[in-house]
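Engineer: need a 3D model of the sequence below.
(one chain, ligands or ions: 1)
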Amino acid sequence: MFDNKLFQQLLDTSWVGHELILLEEIDSTNNYAKQIARAVPGTIILAEDQTAGKGQHKKAWDSEPEKNLTFSIIFTPTQADRISLLTLACASAIEDVVCKHFENCSIDLKWPNDVICDGKKISGLLTEVIHNGNKVDRVIVGIGLNVNQERFEGELNKTATSMKVISGKEESREQLLCDLLVRIEYNYQRWVNNSIELVKEINPKLQGYGNWVTLEIDKEILPDKTKFLGMNELGSLQVLNKELGVDTFSYEQIRVLVD
Ligand code: BTN
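Structural biologist: Next comes the predicted model:
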């Protein structure tokens with residue numbers, strides 16, 4: 001079981017994670033985060049087991065109980081534009097922390113919400129914006145990070161990996177979460193401040209950045225290749241078309257297919 005006391009001792013953030021709601025079992029930590037009446041900014045909801053963990057596009061997020069990190073962070077920004085950028089700012093934080101644990105491994109980000117390690121998914125993020133009337137009430141960033149799971153069933157066997165599969169080492173989930181939250185807090189502040197440095201840091205981490213790639217929009221593959229220019233400061237995806245014009249997409253239904 002996740003050791004909340006140890007986590008509190010190790011935590012070195014200014015505000016993120018100061019409230020931790022630890023649940024043994026829940027349908028989805030994102031759903032739980034939506035239902036809290038007056039949430040303290042930076043509250044974490046962490047579950048040892050999710051019975052209906054959600055991924056993008058109504059896919060399920062499956063995670064072996066007590067082995068991994070499945071949690072949601074509640075943010076309360078005044079505006080909820082540049083959400084793709086916030087998701088990738090958190091993904092980039094995950095990449096930085098996970099990278100530190102490995103000597104040699106290729107790890108990068110896949111637009112719009114995956115962290116890929118040695119060609120397999122190690123982490124996925126699901127960001128949801130909750131409105132109160134026409135105001136933003138909160139933004140929930142749900143994170144699944146495969147930590148100590150050793151085996152993946154069925155199709156996941158080909159597509160998913162974990163820190164333990166890669167390094168052979170058991171990780172302290174408490175220490176890992178603390179390290180993640182420090183970096184996420186830092187990147188969140190940069191996101192709030194519209195830091196161009198944040199965008200510059202993320203772009204080279206994106207799969208296909210600077211290459212000619214194929215785009216899939218709403219499951220339809222575009223016939224011509226485009227050069228992937230990464231994100232602009234608004235978090236929109238930009239590509240150079242074959243007429244050398246820049247096309248901008250602020251749409252998460254886009255997939256960048258890397259050959
Ligand atoms: C994806 O890969 O499409 C996103 C996966 C997001 C999974 C996390 S686990 C914690 C949080 N609660 C959920 O139900 N989903 C997110």
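Engineer: from now on I want contacts and neighbour counts done on CA atoms only, so please keep to that.
Structural biologist: Noted.
Engineer: the stretch 101-250 of the chain: strands as residue ranges?
Structural biologist: 107-110, 114-117, 120-132, 135-145, 212-217, 220-221, 226-231, 237-240, 246-249 (DSSP state E, counting those that start in this stretch).
Engineer: compare these and give me the one nearest residue 44.
Structural biologist: Nearest to residue 44, of all the strands of the stretch 101-250 of the chain, is strand 135-145, at 9.6 Å by C-alpha to C-alpha.
Engineer: what helices or strands is that closest one leaning on?
Structural biologist: helix 29-35, strand 69-75, strand 120-132 (3 or more C-alpha pairs under 8 Å, 6 or more residues apart in numbering; DSSP states H and E).
Engineer: using PDB, list the CA coordinates for the first one.
Structural biologist: Output in PDB follows, covering the C-alpha atoms of helix 29-35 (Å, rounded to 0.1, in the frame of the first residue of the first chain):
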ATOM      1  CA  THR A  29      -9.400   9.400 -10.000                       C
ATOM      2  CA  ASN A  30     -10.400  11.900 -12.600                       C
ATOM      3  CA  ASN A  31     -14.100  11.300 -11.900                       C
ATOM      4  CA  TYR A  32     -13.500  11.600  -8.200                       C
ATOM      5  CA  ALA A  33     -11.600  14.900  -8.700                       C
ATOM      6  CA  LYS A  34     -14.600  16.300 -10.600                       C
ATOM      7  CA  GLN A  35     -16.900  15.600  -7.700                       C
END
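Engineer: that helix - contacts with which helices or strands?
Structural biologist: strand 44-47, strand 69-75, strand 135-145.
Engineer: by contact count, what packs against the shortest one?
Structural biologist: Same thing as strand 44-47. strand 20-23, helix 29-35, strand 69-75.
Engineer: and it, does that touch the ligand?
Structural biologist: No: Strand 44-47 lies out of reach of the ligand by C-alpha under 6 Å from any ligand atom, never closer than 7.7 Å.
Engineer: just put the strands of the stretch 101-250 of the chain in a markdown table and tack on mean neighbour count.
Structural biologist: Output for the strands of the stretch 101-250 of the chain, formatted as a markdown table (neighbours: other C-alpha atoms under 10 Å):
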| stretch | mean neighbour count |
| --- | --- |
| strand 107-110 | 23 |
| strand 114-117 | 24 |
| strand 120-132 | 19 |
| strand 135-145 | 22 |
| strand 212-217 | 19 |
| strand 220-221 | 12 |
| strand 226-231 | 23 |
| strand 237-240 | 20 |
| strand 246-249 | 14 |
